[in-house]
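[1] Below is the sequence, then the predicted model.
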Amino acid sequence: MTGTTIEVRKPGLSTTVQDGGRAGYYHLGIPPSGALDQYSLACANALTGNEPGAAALEIVYMGPELRFTGPAVVAVTGAEIAPRVNGEARPLWESFAVGEGDVLDFDFLKAGARAYLAVSGGLDTRVDLGSRSTYLIGSLGGVDGRPVAEGDVLPVGDGSGRAGLVVPEDLRPSLSKDVEVRVVMGLYDHRLTDRGRATFLDTVWTLTPVADRMGFRYSGGQLETVEREPPFGAGQDPSNIVDSPYPIGSIQVPGGVEPIILHRDAVSGGGYMMVATVLSGDLDVVAQSAPRTRTKFVEVDLETALALRAERKDRIARMHAAVSG
Amino acid sequence: MSARYSWGGDEFIFVELAEEMSLQANFKAVAITNLLRAERPDGVLEICSANASYQVRYDPDVQEPYAFLAHLKELEERVGDALGVTLDCRVVEIPVLYRDPWTTETLMRFRDRHQDPEATDIEYAARINGYASVEEFVAAHSGSPWFTSMVGFVAGLPFKYQMVPRERQIVVPKYLRPRTDTPKQTVGYGGCFSCIYSVRGAGGYQMFGITPAPIYDPRQTKPDFAEHKVFMRPGDMVKFRPIERDEYDELEAKAEAGDYRITTKDVEFDLQPFLDDPDGYNKRLLEGLA
């Protein structure tokens, strides 16, 4: 036990403790939570010698200012938001050491949306239902179930990291303002006309400022739906359904406008038709989308989705091999 | 009534048991997901039962998707029309202060988002459902029990479907635009579903009243939550009991002090005898509750 803690001097915009997530409670309305970009979290943990799903800080758009009470090895991955130690620049995607009393803060965000700060030993904050991830609405995990605030002291677990480990460039995600997000069509897509379906796949959607851990809302088109008599219990709007479960990554389209991708803190169910589901690995791409990101939904079938899943696993394995040298 | 199966990306299978809401469709969802839960298949991460549908989150590297889908279809066949299935359930009593000051204050703040800005939510619901007075409406809402058809939306929020024939079901639209605020433990209504808001937050259901009974306790300090943070489970049958302000204050103080226990009774529920005689069945169900 190093006894190192991290004091929060400035909290940033919305900095939360997140880990690999919380499984097994979605049927009670408690979503998985966890890092929105799981690949970048795994990278940060690999660099600091932690398990892939250890708890780290998820930093959104604007970084916090943190003071270390003892020595630690840390790494920052994900969005391009350069860390500084006592005002001096440090690299992204590379582990580095901090000492007692050192202050870590961040430069402006240059690309992407979410960065992950991991520390050797992982953050040792409270475990709720098997996870340290912060779930805001349900007040679970993190620091009292909320984002970190000025004055918080974050305990760090026991660990030993090595400075100077690097994730090679070709194994870092590309951060772009034009992205393709692969989806499997389905769920209630039969409620769209052929034209509505074509609009969904042909439109270059723009991410609105409504983009948080619960969902990402896009603008750019109006989807035509099949006319029908609403079934009992569904509600009057043609986009309404009898309230059903929502897969993580599912895309709902209330009123046929502004598709919403549900992310890892999603509401677990509701009464809007969903027309497609984002591939589990591509949720990382969505996580790095900042408002105004231009997004195309690209349809793949299940076989392709499984092949892409295998590719992602292979990439993670190569990343681990490269980092551990 | 034949189920519709759909892939939800590479990790979910979504199953719509019926397009429209019915107790039978819900009963099937609960029965199938109970069977699946009892099996604990490898690689199955989440089993979510909903009103007339369910979904499963699984790891396709462990459960081959097509074989797993075929297995879910087998479970559907095994449950069949669900008429012969029995479920171990609880009957739960929830006291409700209808027309309480807190939801009334909240709904007045959001009149611009409502179908009938001149009326309160409960006056509006009573009128469009053909009740002569709010008192009559409250009698109908609290007169027959409700089947917890889904838990979700947010942590621990139960959706409830009233155990009466379709022609007696209350149906109300949701707000024209959702509110940004709903008091904790509000008894709400949207479509054919009653709900209890487990936490304070946004909401689109009409607000009829409030219960002093806590149903979500993330810190697990209250006696009903020793084992779990969430009180309501799919299949719980809820009887709303109208209370007056003085009893509300008394129960609220008890809840605040950590002394409140929700009255429950374990029962076995059979669908067919219920469908044959709902009112008689409900009466037997509620015996010995209070």
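    Looks like it came in fine.

[2] Look up how far A:V179 lies from A:F108.
    According to C-beta to C-beta, to the nearest Å, A:F108 stands 21 Å off from A:V179. The way it works is simple: take the backbone N, C-alpha and C, and place the C-beta from them, glycine included.

[3] the more surrounded of those two?
    Between A:F108 and A:V179, counted using other C-beta atoms under 10 Å in any protein chain shown, the more crowded position is A:V179 (17 against 10).

[4] ok and the residue in chain B nearest chain A?
    B:M21 (3.0 Å; C-beta to the nearest C-beta).

[5] and that residue, that one's in a strand?
    No - per DSSP: H, G, I helix; E, B strand; the rest coil, B:M21 lies outside any strand segment and is coil.

[6] Can you give me the neighbour number for it?
    With other C-beta under 10 Å as criterion, B:M21 counts 23.

[7] just checking, it touches B:K160?
    No - under the criterion of C-beta atoms under 8 Å, B:M21 makes no contact with B:K160, lying 11.7 Å away.

[8] Sticking with the closest residue to B:V172 other than its chain neighbours, tell me its helix or strand.
    Take B:V172 and drop its neighbours on the chain: the residue closest to it by C-beta to C-beta, 6 or more residues apart in numbering or on different chains is B:A125, 4.7 Å away. Secondary structure assigned from DSSP states H and E places B:A125 in helix B:121-128.

[9] Now the helix or strand that comes right after that helix: buried residues?
    Sequence-wise, the next helix or strand downstream of helix B:121-128 (DSSP H and E) is helix B:134-143. Within helix B:134-143, the residues that qualify as buried are B:134, B:137-138, B:140-143, counting by 16 or more other C-beta atoms under 10 Å in any protein chain shown.

[10] Show me what from the stretch 101-250 of chain B comes close to chain A.
    Along the stretch 101-250 of chain B, the residues adjacent to chain A under the rule C-beta under 8 Å from any C-beta of the partner chain are B:150-157, B:159, B:166, B:171, B:173-174, B:190-193, B:198-199, B:201, B:216, B:218, B:229-230, B:233-234.

[11] Check whether A:S244 sits in a helix, strand or coil.
    Of the three states, A:S244 takes strand according to three-state DSSP.

[12] whoops, A:R315 was the one
    Under three-state DSSP, A:R315 comes out as helix.

[13] I'd like to know which of the residues of the stretch 101-250 of chain B next to chain A are buried.
    Buried members of those, scored by 16+ other C-beta under 10 Å, are B:150-157, B:159, B:171, B:173-174, B:190-193, B:198-199, B:201, B:216, B:218, B:229-230, B:233-234.

[14] In contact with the residue of chain A found nearest chain B, which residues?
    Going by C-beta to the nearest C-beta, chain B is nearest to A:G233 of chain A, at 3.0 Å. Contacts for A:G233 (C-beta atoms under 8 Å, 6 or more residues apart in numbering or on different chains) come out as A:242, B:20-21, B:51-52, B:171, B:191-193.

[15] Same list, these, but as TSV with pLDDT and distance to A:L262 please.
    Formatted as TSV, these follow (pLDDT from 0 to 100; distance: C-beta to C-beta, whole Å):
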residue	pLDDT	distance to A:L262
A:V242	94	18
B:E20	95	24
B:M21	96	22
B:N51	97	18
B:A52	97	20
B:V171	94	27
B:G191	92	20
B:C192	95	24
B:F193	96	20
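
[16] what are the ranges of the strands in chain B?
    B:4-8, B:12-16, B:44-49, B:53-58, B:86-98, B:146-151, B:158-162, B:186-190, B:193-196, B:206-210, B:237-242, B:264-270 (DSSP state E).

[17] so which of these comes closest to A:G196?
    Closest approach to A:G196 among the strands of chain B (C-beta to C-beta): strand B:4-8, 17.0 Å.

[18] Work out the gap between the closest one and the centre of the chain.
    The chain centre lies 24 Å from the centre of strand B:4-8; the measure is C-alpha atoms, centre = their mean, to the nearest Å.

[19] Run the angle between it and strand B:12-16 for me.
    150 degrees (axes from the mean of the first three to the mean of the last three C-alpha atoms, to 10 degrees).

[20] picking up where we left off before, can I get the helix holding B:A125 in CSV, CA atoms only?
    Provided in CSV are the C-alpha atoms of helix B:121-128 (Å, rounded to 0.1, in the frame of the first residue of the first chain):
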residue,chain,number,x,y,z
ASP,B,121,-53.4,15.8,-14.0
ILE,B,122,-55.9,13.7,-12.0
GLU,B,123,-58.9,15.9,-12.9
TYR,B,124,-57.9,15.5,-16.6
ALA,B,125,-57.4,11.7,-16.3
ALA,B,126,-60.7,11.3,-14.5
ARG,B,127,-62.6,13.3,-17.2
ILE,B,128,-61.1,11.6,-20.3
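
[21] And for chain B, the residue most distant from the center?
    Residue farthest from the centre of chain B, counting by C-alpha atoms, centre = their mean, is B:D61 at 34.0 Å.

[22] about what we covered before: how much space between the residue of chain B closest to chain A and B:L251?
    32 Å.

[23] Same check on B:A155?
    Look at B:A155 and B:L251: by C-beta to C-beta, they are 22 Å apart.

[24] B:Y5 now?
    Using C-beta to C-beta, one gets 45 Å for the distance from B:Y5 to B:L251.

[25] related to what we said a few turns ago, which positions within the helix holding B:A125 qualify as buried?
    Neighbour-count burial for helix B:121-128 flags B:121-126 (criterion: 16+ other C-beta under 10 Å).

[26] Ok, stretch A:124-139 next?
    Quick answer for stretch A:124-139 (16+ other C-beta under 10 Å): A:124-125, A:128-129, A:131-139.

[27] do stretch A:277-296 as well
    A:277-290, A:293-295.

[28] Repeat that for stretch B:177-196.
    B:179, B:182-196.

[29] Just flag the most distant two among the residues you listed.
    Longest distance between any two of the buried residues of stretch B:177-196 is 23.7 Å, between B:K184 and B:C192; criterion C-beta to C-beta.

[30] and B:R4, how many residues sit next to it?
    For B:R4, the number of neighbouring residues by other C-beta under 10 Å comes to 14.

[31] what sits against it?
    B:R4 touches B:15-16, counting by C-beta under 8 Å, 6+ apart.

[32] Which residue of B:Y5 and B:L251 possesses the greater neighbour count?
    Counted by other C-beta under 10 Å, B:Y5 and B:L251 do not tie: B:L251 has more neighbours, with 18 against 14.

[33] Could I get the pLDDT score of the more buried one?
    We have a pLDDT of 98 for B:L251.

[34] ok, the nearest residue to it once chain neighbours are set aside - contacts?
    Once flanking residues are discounted, B:L251 sits nearest to B:P212: 4.0 Å by C-beta to C-beta, 6+ apart. Each residue near B:P212 by C-beta under 8 Å, 6+ apart is listed here: B:95, B:97, B:185, B:248, B:251-252, B:254-255, B:260.

[35] which one of these has the most neighbours?
    In terms of neighbours by other C-beta under 10 Å, the contacts of B:P212 top out with B:Q185 at 25 neighbours.

[36] Find the nearest non-adjacent residue to it, please.
    Of all residues apart from its sequence neighbours, B:T211 sits closest to B:Q185 (C-beta to C-beta, 6+ apart), at 5.0 Å.

[37] Am I right that the one you found is in contact with B:Y98?
    No - look at B:T211 against B:Y98 with C-beta under 8 Å: they stay out of range, at 10.2 Å.

[38] Mind listing the shared neighbours of those two?
    B:V187.

[39] Which one of those two is surrounded by more residues?
    Per other C-beta under 10 Å, whichever of B:T211 and B:Y98 has more neighbours is B:T211, with 25 against 20.

[40] residues in contact with that one?
    Shown in contact with B:T211 (C-beta under 8 Å, 6+ apart): B:94-97, B:185, B:187, B:196.

[41] what does A:L129 give?
    So A:L129 contacts A:22, A:24-25, A:30, A:140, B:229 (C-beta under 8 Å, 6+ apart).
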